[in-house]
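Enquirer: Any chance you can model this:
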Amino acid sequence: MKHIKLLIILLSCVIVSSCIPHKDTIYLQNKENSSNDTILYNLNEIQKPYRVQIHDILNVKVKAIDQETVAILNPSGEDNLNANSEERAYFDGFTVDVHGNIRIPTLGYLNVLGFTTEEIENIIEKKLLDEQFKATANIFVTVKLAGLRYTANGEVGSPGSVVLFKERVNIFEAIANVGEIPVTGNKKAVKIIRQYPQGQKIHTLDLTDIRVMQSPYYFIQPNDIIYVEPLRQKSIGTGETAVSSISTIATIVSLLTTSVLLFSRL
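Expert: The predicted structure follows:
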């Protein structure tokens with residue numbers, strides 16, 4: 001009987017220690033404990049201008065006083081009337097090739113690798129004015145990324161790739177669009193795998209710390225991969241909370257008690 005009691009105590013200690021602490025499930029905590037007023041931290045959202053990479057798709061639109069003169073530069077998408085927004089962006093956009101070029105009608109190949117969309121607008125506008133139009137044509141060029149695509153894996157509600165038609169998406173918005181992080185996901189070490197001209201780099205964000213908003217990786221970029229690790233408690237397979245742990249202990253105790261009674265009758 002003493003052995004069974006010791007076993008119950010041991011199991012209880014293991015299960016309780018495997019509970020997920022409440023503080024590990026809360027986003028944006030004030031970990032300095034000096035004030036509840038987040039304004040004192042002067043949290044500025046940091047986002048560097050995105051620079052175009054290979055395989056990006058650009059949406060280029062050119063406007064002029066006589067719109068017919070620039071019609072060839074503006075894909076109409078009439079061949080894909082049944083396509084959704086993402087498919088239209090793919091068919092009508094200009095894909096950056098492995099050399100960093102896009103090919104635009106009448107303009108030919110333009111190298112855009114490493115430039116911001118604003119810089120590309122200026123490049124196209126200058127080339128049009130130098131080669132095809134006069135200043136009186138009032139050429140107006142807009143260049144946008146054809147959707148912000150990213151992938152989320154690991155402990156998220158719906159792993160997979162997502163395309164958002166927004167220019168600015170922070171890590172919380174990105175995760176919300178893949179079904180949130182469950183209790184068993186590690187919010188303290190969310191990894192961002194980002195592509196750079198020299199290769200991929202891994203950055204780590206602590207989403208439970210309010211200072212994450214000051215991180216240069218707070219805003220995601222096209223082609224980012226977000227990976228959320230499972231907590232140690234998931235691999236143990238015990239209760240996620242105190243209530244579920246107590247329920248687990250109660251079940252084990254009940255089974256052990258039944259076993260003892262059966263053996264005592266033999």
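Enquirer: C-alpha only now, for contacts and for neighbours.
Expert: Will do.
Enquirer: Quick check: which element contains residue 175?
Expert: helix 171-176 (DSSP states H and E).
Enquirer: per-residue confidence for residue 36?
Expert: On pLDDT, residue 36 comes in at 54.
Enquirer: If you could redo that for residue 47, that was the one I meant.
Expert: 71.
Enquirer: Likewise for residue 95?
Expert: At residue 95, the predicted lDDT confidence score is 93.
Enquirer: any idea how far it lies from residue 61?
Expert: 14 Å (CA to CA, to the nearest Å).
Enquirer: Pick out whichever of the two has more residues nearby.
Expert: The residue with more neighbours, out of residue 95 and residue 61, is residue 95; 20 against 17, by other CA atoms under 10 Å.
Enquirer: wait, doesn't that one sit right on residue 55?
Expert: Yes: with contact defined as CA atoms under 8 Å, residue 95 reaches residue 55; the gap is 5.9 Å.
Enquirer: now the strands for the chain?
Expert: Ranges of strands within the chain are 57-63, 94-95, 101-104, 108-111, 140-145, 148-154, 160-164, 190-196, 199-205, 225-228, based on DSSP state E.
Enquirer: and the most centrally placed residue in the chain, what does it touch?
Expert: The chain has residue 174 as the residue nearest its centroid, 4.2 Å off, counting by CA atoms, centre = their mean. Neighbour list for residue 174: residue 220 [criterion: CA atoms under 8 Å, 6 or more residues apart in numbering].
Enquirer: Over to residue 231?
Expert: Listed by CA under 8 Å, 6+ apart, the contact partners of residue 231 are 184-186.
Enquirer: Mind checking which of those are buried?
Expert: 184-186 (16 or more other CA atoms under 10 Å).
Enquirer: quick one: which of these is nearest residue 201?
Expert: Nearest to residue 201, judged by CA to CA, of those is residue 186 at 19.8 Å.
Enquirer: what's the span of stretch 187-198, first residue to last?
Expert: Distance between the two ends of stretch 187-198: 28 Å, counting by CA to CA.
Enquirer: List the buried residues of it.
Expert: In terms of neighbour count (16+ other CA under 10 Å), stretch 187-198 has its buried residues at 187-195.
Enquirer: now the helices for this protein?
Expert: 2-17, 85-92, 117-131, 171-176, 232-236, 242-264 (DSSP state H).
Enquirer: Which of these has the lowest mean pLDDT?
Expert: When the helices of the chain are ranked by mean pLDDT, helix 2-17 comes last with a mean of 53.
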